[in-house]
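K.L.:
Here is the input, now give the coordinates:
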Amino acid sequence: MKIVIYGATDMGCLVATEFFEDHDITVIDKEENRTEEFDKLDISFVQGNASDISILKSAEIQDADVFIACTNLDESNIVACLTAKKLSGVRTICFVSNEEYKNTMEPNKANDFMGDFNIDYVIWPEELLTQELFRIVTVAHALDVENFADGKARLLEYRVKPASSIVGKMVKDCGFTNDTVIVGIKRGDLLFVPNGLTEINEDDKLIFMGTSRSLDVLAGTFFHEKERVKSAAIIGGGKVGAMLAKSLEVMKIKTKIIEKDYDRCEVLSENLNSTIVLNGDGTDLKLLNEEDIGSCDVVISVTNNDGRNLLCSLLVKQLGVKRVIARVSKVLNIPLFEKVGIDVAVSPKTTAINEVKNDIDEADVDILATVEQGEAEVLEILVKEEFHEKFVKDIRFPAPAIIGVIQRRNRVIIPKGDTQIRQHDILIVFTKAENAQEIKELFKVV
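P.N.:
Coordinates of the predicted model:
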């Protein structure tokens, strides 16, 4: 597949890095925006502006399958996508940073006034990040939360505390709830798919899949005692902070938001109902103490500055906050945040990359989620009519993988060894990212 990327940005580099080994990649941008990271990749580079027809032709847009615009300017991305679409009819993916553009350019709305020359897919990373933060915030102590099958099934990730009753036990002896399966363990820097004989250690991060009800019971039994998130504080009142606060209001979670800019505080006060808006600095210990931030169930630091988010997170952690979540703009900084004790670090770029991968991957396989910063993937695989029905225990995966959920019409099945896989089933499979392609190939029927 030939992919043309407009924008030598961090996002452009992430997209190019993700796809260059299996696809023909061309990047368009000004030469001064080209970094050393691009030189490490086997890709083509065309100097110029992708809104220029001659530049698009130089990038051989007429032969491209996908055009991705991810500069830091929304208007440039939109114009470039529309120009590329008009020239070649290529599939277009446009990154935007403003809600107004996202709402206006979505295909179902744009068709009314743009005809056939619309943008195929509009990605607003901040919106995706807010949705991920909301899922994590609303489940007590969870490090990661993903919903599948219209909410009937879930993925939850928890860290094993030293005093936990499961420390030192093998998976088969832990007594985890029915309709729940442990699909992955992150131990230090190692992520692996466990089996029944795997022993659980303290500080392991356990990844479960199962029905939403069974996972609620599991969480209450092994990781917290029917605890519910009742209070939250958000540091940073930008777009993500505002959207997250509005979502938490719906859940009746008592929320405070700390924002440094006074004018922005006024906007927040006008648009939020029950959230307490505080004009101040999230690194001000006096303010944090006066507002009793240390008693919050969770604090989320979502400013646009990684250094500030790290400092704010460390401060509230010292004040006794049970769980601290931080936004990380640079994906490479995520391990640093986790090593110094931040409970959850999330990046808008990571969630956006997942959307791109889903959009251009095989029609019968979707990546529903990535886990542990892309080390593992949750695949949604449609079982074709040509596939011979088999029991789960008879599936010989070419690499470690677990079928965590089977969707069969309106039913959700947590499979066991004697569960039969049927035609038209939708399998939700957990595997390491490096093995995902092999797993996909297993279910391809020529």
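K.L.:
How about the residue in the chain that sits furthest from its center?
P.N.:
Ser54 (36.0 Å; Cα atoms, centre = their mean).
K.L.:
Quick check: closest non-adjacent residue to that one.
P.N.:
Using Cβ to Cβ, 6 or more residues apart in numbering and skipping residues adjacent in sequence, the residue nearest Ser54 is Gly48, 7.9 Å away. In this view, the C-beta of every residue, glycine as well, is placed from N, C-alpha and C.
K.L.:
I would like the residues contacting the helix or strand encompassing the residue farthest from the centre of the chain, please.
P.N.:
Element membership for Ser54, per DSSP states H and E: helix 53-58. Helix 53-58 is contacted from outside by 4, 28, 46, 48-50, 80, 83-84, 87, using Cβ atoms under 8 Å, 6 or more residues apart in numbering.
K.L.:
Recalculate using a threshold of 6 Å.
P.N.:
Helix 53-58 has contacts (Cβ atoms under 6 Å, 6 or more residues apart in numbering) with 46, 48-50, 84, 87.
K.L.:
Could you identify the buried members of these?
P.N.:
46, 48-50, 84 (16 or more other Cβ atoms under 10 Å).
K.L.:
Reformat those residues into CSV and put secondary structure, distance to Gly175 and pLDDT next to each item.
P.N.:
Listed next are these as CSV, based on DSSP: H, G, I helix; E, B strand; the rest coil; distance: Cβ to Cβ, whole Å; pLDDT from 0 to 100:
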residue, secondary structure, distance to Gly175, pLDDT
Val46, strand, 59, 96
Gly48, coil, 62, 95
Asn49, coil, 61, 95
Ala50, coil, 57, 95
Ala84, helix, 56, 95
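K.L.:
And the residue farthest from the centre of the chain, how far from Val137?
P.N.:
Using Cβ to Cβ, to the nearest Å, one gets 48 Å for the distance from Ser54 to Val137.
K.L.:
Contact partners for the residue nearest to the spatial centre of the chain?
P.N.:
Nearest to the geometric centre of the chain sits Thr351, at 3.4 Å (Cα atoms, centre = their mean). Thr351 makes contact with 128-129, 132, according to Cβ under 6 Å, 6+ apart.
K.L.:
can I assume it sits in a helix?
P.N.:
Yes: checked against DSSP: H, G, I helix; E, B strand; the rest coil, Thr351 lies within a helix.
K.L.:
nearest residue to it other than its sequence neighbours?
P.N.:
Excluding the flanking residues, the one nearest Thr351 by Cβ to Cβ, 6+ apart is Leu128, at 4.1 Å.
K.L.:
hey, where'd the strands end up in the stretch 1-150 of the chain?
P.N.:
Using DSSP state E, counting those that start in this stretch, the strands of the stretch 1-150 of the chain run over residues 2-6, 24-29, 44-47, 66-69, 91-95, 121-123, 144-148.
K.L.:
Any chance of TSV for the ones you listed, columns distance to Val378?
P.N.:
Shown next, in TSV, are the strands of the stretch 1-150 of the chain (distance: least, Cβ to Cβ, whole Å):
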stretch	distance to Val378
strand 2-6	23
strand 24-29	25
strand 44-47	33
strand 66-69	23
strand 91-95	21
strand 121-123	19
strand 144-148	7
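K.L.:
closest to Ser165 out of those?
P.N.:
Evaluated over the strands of the stretch 1-150 of the chain, closeness to Ser165 peaks at strand 144-148, with 22.3 Å, by Cβ to Cβ.
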